[in-house]
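S.K.: from the sequence below, what's the structure:
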Amino acid sequence: MGDWLLIGIRFALYLTLTVLFGLSTFGFYGLRGDGHGNAIALRPWLVASAVLSLLLSVGWVVLLASSLAGTPAWPIDHEAIGALLTGSAIGAAWQVRMVMLVLATIAAMFASGRGVWLGVVALSSTFALAALAWTGHGAVDEAAAGWLHLAADILHLIASGMWVGALLGLLLLVSRPLARVDSAHLGLAHRALHGFGMIGTVVVATIVVTGLVNALMLVGIGNVVVLPTTLYGQLLLAKLALVAAMLGLASLNRFRLTPTFKRSIAANDFGSALGALRASLAVETACAVAVLGLVAWLGTLAPPASSGM
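M.R.: Okay, here's the model as predicted:
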């Protein structure tokens, strides 16, 4: 039961942090031209994800400390938590994340449009998300290999956060009721879709390269053939299948649905094009959420390279 609670809270923390970071950055590159900053109600999303991230971080450290000490999660083992926070890199990273999340929460309350406060949210959430790398396998490696693995994990987290945040931002843009859609909103939605199509290339390339680095370090070339026979391998293969589906949907959006949407705006008949984009983005977002769940689960299992398979 404790393992499932830890996996669940890891998943929720990954989700809220990626939403916080991804949406705050999307506010800059995805909402260009939105002078009033109200195309998407960013503030409620940012405040909610920041507050939830704070609460989940507290719950996570309690569960992790009890798991490492072999004690029940309740009553809270203050001694185990103190040892974790003061005697490990995980604890130091947790403290950094908490400071950054407090800052992000305060800034999110004042964030409007693409101003300074939104920039503070984006910057602080970058550090908060990057701190998650110390909760994964990359923090266990030593020497140069450890730093390489940790750097790959950080870049992987940031690129993934941008992808998830963009998906949510785009989905919110195309999901506005037709009665509230005007030409300015349509133009903004198209610019956001087209803009992420270009930024997405860098994001996907980063995810692929860092994913390969992580796979080499966690799996090892010699263990590839036995992956389907292990739980770790089965979850990893499921994750790769979902990412492949996301790439296919992203290509569909960029090369077919977005150009069709542009033509439908010119013809003033955009209802079906918006519906197709909404459905595609919803499925892609669901795949992303499932990937985060698998990542949270994988982080609690011993990878093949560590078990000497």
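S.K.: so what's residue 293 up against?
M.R.: Taking Cβ atoms under 8 Å, 6 or more residues apart in numbering, we find residue 293 in contact with residue 11. The C-beta positions use only the backbone N, C-alpha and C, and glycine is treated the same way.
S.K.: for it, give its distance to residue 26.
M.R.: Shown here: residue 293 relative to residue 26, a distance of 22 Å by Cβ to Cβ, to the nearest Å.
S.K.: and stretch 288-301, which residues are buried?
M.R.: Residues of stretch 288-301 classed as buried: 288-299, 301 (neighbour count, 16 or more other Cβ atoms under 10 Å).
S.K.: show me the shaky parts of the protein.
M.R.: 1-2, 32-39, 113-114, 136-146, 305-309 (pLDDT under 70).
S.K.: go with 50
M.R.: Where the chain drops to pLDDT under 50, the residues are 1, 34-36, 308.
S.K.: as a quick check, tell me the outermost residue of it.
M.R.: Distance to the chain centre peaks in the chain at residue 267, reaching 36.2 Å (criterion: Cα atoms, centre = their mean).
S.K.: that older thread, now for the buried residues of stretch 288-301, which pair is the farthest apart?
M.R.: The largest separation in the buried residues of stretch 288-301, counting by Cβ to Cβ, is between 288 and 301 at 20.9 Å.
S.K.: pop the domain breakdown of this structure in here.
M.R.: For the chain, automatic domain parsing gives the domain ranges 1-135, 142-309.
S.K.: please identify the most buried of the ones you listed.
M.R.: Highest mean neighbour count among these (mean count of other Cβ atoms under 10 Å): domain 1-135, with a mean of 19.
S.K.: what about the helix or strand containing residue 292, distance to the chain center?
M.R.: Secondary structure from DSSP states H and E places residue 292 in helix 271-298. Distance, stretch centre to chain centre, for helix 271-298: 12 Å (Cα atoms, centre = their mean, to the nearest Å).
S.K.: hmm, residue 170 is touching residue 281, no?
M.R.: Yes: Residue 170 is within contact range of residue 281, at 5.5 Å (criterion: Cβ atoms under 8 Å).
S.K.: how about residue 54, nearest residue that isn't a chain neighbour?
M.R.: residue 101 (4.8 Å; Cβ to Cβ, 6 or more residues apart in numbering).
S.K.: equivalent analysis for residue 110, please.
M.R.: What sits nearest to residue 110 in space, not counting adjacent residues and going by Cβ to Cβ, 6+ apart, is residue 117, at 4.3 Å.
S.K.: list the contacts of the closest residue to residue 276 other than its chain neighbours.
M.R.: Closest residue in space to residue 276, ignoring its immediate chain neighbours: residue 257 at 5.5 Å, by Cβ to Cβ, 6+ apart. Shown in contact with residue 257 (Cβ under 8 Å, 6+ apart): 273, 276-277, 280.
S.K.: now residue 257: how far from residue 278?
M.R.: Residue 257 is 10 Å from residue 278, by Cβ to Cβ.
S.K.: what of residue 262?
M.R.: The gap separating residue 262 from residue 278 is 16 Å, by Cβ to Cβ.
S.K.: do residue 220 as well
M.R.: As defined by Cβ to Cβ, residue 220 lies at a distance of 42 Å from residue 278.
S.K.: same question, residue 244
M.R.: Here the criterion is Cβ to Cβ. By it, residue 244 lies 22 Å from residue 278.
S.K.: ditto for residue 291
M.R.: Taking Cβ to Cβ as the criterion, residue 291 is separated from residue 278 by 20 Å.
S.K.: and residue 128, by the same measure?
M.R.: According to Cβ to Cβ, residue 128 stands 30 Å off from residue 278.
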